[in-house]
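**Q** Provided below for reference: sequence and predicted model.
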Amino acid sequence: MNRTKLEAALAHASVRDPIFLGEGAWHCAWKVQKAGGDFVLRIPKETLMGNRWRLTRLH
């Protein structure tokens with residue numbers, strides 16, 4: 001995972017103390033803290049099965 005992308009996601013979600021949990025087919029998962037609670041932050045991968053992809057908005 002790109003460190004810059006991780007830091008941007010942490011700042012956007014206003015969370016702290018990331019601990020890497022693992023990765024699946026679509027996301028990397030991090031245990032984070034916010035407001036005294038533990039949460040899981042899932043960040044979409046940029047490459048799936050060797051192909052780059054981008055998020056698109058559904059209308």
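**A** In hand now; what should we look at?

**Q** which residues does the one residue sitting closest to the centre of the chain bridge with?
**A** The geometric centre of the chain, computed from its C-alpha atoms, lies nearest to Ile43 (Cα atoms, centre = their mean), at 2.0 Å. Beta bridges link Ile43 to Cys28, judged by DSSP bridges.

**Q** Give me the buried positions along the host helix or strand of Ala8.
**A** Remark: Ala8 resides in helix 3-13, with elements defined by DSSP states H and E. Neighbour-count burial for helix 3-13, with 16 or more other Cβ atoms under 10 Å as criterion, is recorded at Leu6, Ala9, Leu10. All C-beta spots, glycine's among them, are computed from the backbone N, C-alpha and C.

**Q** Ok, stretch 19-30 next?
**A** Neighbour counts over stretch 19-30 (16+ other Cβ under 10 Å) mark Cys28, Trp30 as buried.

**Q** for the helix holding Ala8, what is the average pLDDT?
**A** Here helix 3-13 scores 91 as its mean pLDDT.
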